[in-house]
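1. fold the stuff below for me.
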Amino acid sequence: MKVLVADPFEASGLDGLRAAGCDVVHDPALKDEALVAALAGTGADVLIVRSTKVTAEMLDAGRLGLIVRAGAGYNTIDVAAASARGIYVSNCPGKNAVAVAELTMGLILALDRRIPDNVIALRSGHWNKKEYAAARGLAGATLGLLGFGSIAQDVARRAQGFGMHIVVWSRRFADQPDVDFAAYGLESGRESRIAVAATPGDVAAAADVLSIHLALAPDTRGLVGAEVLARLRDGAIVVNTARAEVLDHDALAVAVRERGLRVGLDVYPDEPTTATGEYSLPLLQLPGVYGTHHIGASTDQAQEAISAETVRIVRSFKETGRVPNVVNLARRTPATHMLVVRHRDRPGVLAHVFEHLSGGGLNVQETENIIFEGAEAAVARINLDGAPTDAQLAAIAGGNDDILSLQLVAI
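-> As a prediction, the model looks like this:
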């Protein structure tokens, strides 16, 4: 199996892929047309990427069966195009959660104590203890979390260690009036309260610090806009280490200028696709706005964990045909009926069944064939996009002596 790695990748991961018997081509400079050409030239079965965009044109260039996003998010991959071509898309969820949570807490602390400004002043030869001694502190403050995936949960656990109270909005809690936060390793008591809010705006209204941990989806794009930001108190902290597109940066800039919001960002609109380059965002020039270079997942620990998970995914695909962490399979079969065929385990039985189904204009959506002990008999479960007629069922049952019984079930 040939694997093309089109982004920087850990040496341990490359070694792991080779140890799994893969022919590995590693070129972290591949982008755009160069990647199209590489997919066509190498005939790769698997593509591994981090930040590189994967387009429909790239998918048409080669013979890919699997794309692995060596990270959690996969918004840089045209998942719909991959699904239309029968290409698996997989990711490595949770492997960078601790790293992103650590950066999130680092930004919160830096904003509260104005650490970068302290450093700049001292490097410039200025001593101003009176100015920089003014800080609220985190103990007893309320941290608002938008989203409650693995990263937000790690942030919450660390925030509780600082004595912060927590309020959460997440779609996973939409139908759960009472949440057992102990199941997430969190305490809920007098010293560190934790509660669920009904809307993102309600979180903002309660928060001294608002931290964004939302995946990018049609209903989250621009979700943190002027309406949500308006409910924050003056001087509140906003941190985004998730996706740039969920935050309205123009509205945020207005809130910074007019209401003194302090901001920590690790993700930005229209980021460079290369490791180095020129980048400008007016928001980053405002006082009280700190930025890091999209480094949330970039600790040695996180990269090694992601590398190991990527190798596991590729190895499973190579050795079993199964893909862990697939993000683009149908959540529910579109089939309307299941044909259950009990049959002797002989050559040609299922071919006979499929021939009659196809002749009747029925499409097989999914199939499973289970063998009984001794390998004399089996049961096939065949999901169909319609129901065979009585005549078709009779033709299937009567046309092969190895078919023992048929059962049609509406799904």
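2. residue 272 touches residue 281, doesn't it?
-> No: with contact defined as C-beta atoms under 8 Å, residue 272 and residue 281 do not form a contacting pair (11.5 Å). To be clear about C-beta, it is placed using only N, CA and C from the backbone, and glycine gets the same treatment.
3. next, count neighbours for the closest residue to residue 339 other than its chain neighbours.
-> Ranked by C-beta to C-beta, 6 or more residues apart in numbering and with sequence neighbours excluded, the top spatial neighbour of residue 339 is residue 382, at 4.5 Å. By other C-beta atoms under 10 Å, 22 other residues sit near residue 382.
4. tell me if I am right that residue 382 is in a strand.
-> Yes: following the definition DSSP: H, G, I helix; E, B strand; the rest coil, residue 382 is counted among the residues of a strand.
5. partners of it in the sheet?
-> According to DSSP bridges, the residues that bridge with residue 382 are residue 339, residue 367.
6. quick check: it vs residue 331, distance?
-> Distance of residue 382 to residue 331, given as C-beta to C-beta, to the nearest Å: 20 Å.
7. residue 5 now?
-> The value you get for residue 5 to residue 331, if C-beta to C-beta is used, is 30 Å.
8. of those two, who's got more company?
-> Higher neighbour count among residue 5 and residue 331: residue 5, with 25 against 4, using other C-beta under 10 Å.
9. residue contacts, that one?
-> Going by C-beta atoms under 8 Å, 6 or more residues apart in numbering, residue 5 touches 14, 17, 24-28, 48.
10. repeat that for residue 35.
-> By C-beta under 8 Å, 6+ apart, residue 35 lies in contact with 6, 52, 54, 58.
11. name the residues of the helix or strand it falls within that are buried.
-> Assigned by DSSP states H and E, residue 35 belongs to helix 32-42. Of the residues in helix 32-42, those scored as buried under the neighbour-count criterion (16 or more other C-beta atoms under 10 Å) are 35-36, 38-39, 42.
12. following it, which helix or strand shows up next?
-> Next along the chain after helix 32-42, taking DSSP H and E as the criterion, comes strand 46-49.
13. buried residues of the helix or strand just after that next one, list them for me.
-> In the C-terminal direction, the helix or strand that comes right after strand 46-49 (DSSP H and E) is helix 56-61. Using 16+ other C-beta under 10 Å as the burial criterion, the residues of helix 56-61 that qualify are 58-59, 61.
14. which strands and helices sit next to helix 56-61?
-> Helices and strands in packing contact with helix 56-61 are listed as helix 32-42, helix 79-84; criterion 3 or more C-beta pairs under 8 Å, 6 or more residues apart in numbering; DSSP states H and E.
15. restricting to C-alpha, output that helix in PDB.
-> Coordinates of each C-alpha in helix 56-61 appear next as PDB, following Å, rounded to 0.1, in the frame of the first residue of the first chain:
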ATOM      1  CA  ALA A  56     -12.200  17.400  -5.400                       C
ATOM      2  CA  GLU A  57      -9.600  18.000  -8.100                       C
ATOM      3  CA  MET A  58      -7.000  16.200  -6.000                       C
ATOM      4  CA  LEU A  59      -9.400  13.300  -5.400                       C
ATOM      5  CA  ASP A  60     -10.000  12.800  -9.100                       C
ATOM      6  CA  ALA A  61      -6.200  12.800  -9.800                       C
END
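16. contacts for that helix, please.
-> Contacting residues not belonging to helix 56-61 are listed as 35-37, 39-40, 47, 78, 81-82, 85, 87 [C-beta under 8 Å, 6+ apart].
17. now the helix or strand hosting residue 159: buried residues?
-> Residue 159 belongs to helix 150-161 when elements are defined using DSSP H and E. If you call a residue buried by 16+ other C-beta under 10 Å, then helix 150-161 has these buried ones: 150-156, 158-160.
18. what's the first helix or strand after that helix?
-> strand 165-169.
19. how far does that next one sit from the chain's center?
-> Counting by C-alpha atoms, centre = their mean, to the nearest Å, strand 165-169 is centred 22 Å from the centre of its parent chain.
20. average model confidence for that strand?
-> Across strand 165-169, pLDDT averages out at 96.
21. partners of that strand, with directions?
-> Taking DSSP bridges as the criterion, strand 165-169 sits next to strand 142-146 (parallel), strand 194-196 (parallel) in its sheet.
22. select from those strands the stretch with the lowest mean pLDDT.
-> Of all these, the minimum mean pLDDT falls on strand 194-196 (a mean of 92).
23. name the surrounding residues that touch the first helix or strand past that strand going along the chain.
-> For strand 194-196, the following helix or strand on the C-terminal side (DSSP H and E) is helix 200-206. Outside of helix 200-206, the residues within contact range by C-beta under 8 Å, 6+ apart are 142, 144-146, 167-169, 197, 210, 223-224, 227-229, 231-232, 236.
24. just the buried residues from these, in PyMOL please.
-> To isolate the buried members of these in PyMOL, using 16+ other C-beta under 10 Å:
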select buried, resi 142+144+145+146+167+168+169+197+210+223+224+228+229+231+232+236
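25. tell me the centre residue of the chain?
-> residue 73 (3.3 Å; C-alpha atoms, centre = their mean).
26. list the buried ones in stretch 317-324?
-> Applying a neighbour-count criterion of 16+ other C-beta under 10 Å, the buried positions in stretch 317-324 are 317-318, 323-324.
27. nope, stretch 127-147 is what I meant
-> Within stretch 127-147, the residues that qualify as buried by neighbour count (16+ other C-beta under 10 Å) are 138, 141-147.
28. over to stretch 75-87?
-> By neighbour count on 16+ other C-beta under 10 Å, the buried set for stretch 75-87 is 76-79, 81-82, 87.
29. before we move on, what about stretch 199-212?
-> So for stretch 199-212, counting by 16+ other C-beta under 10 Å, buried means 200-212.
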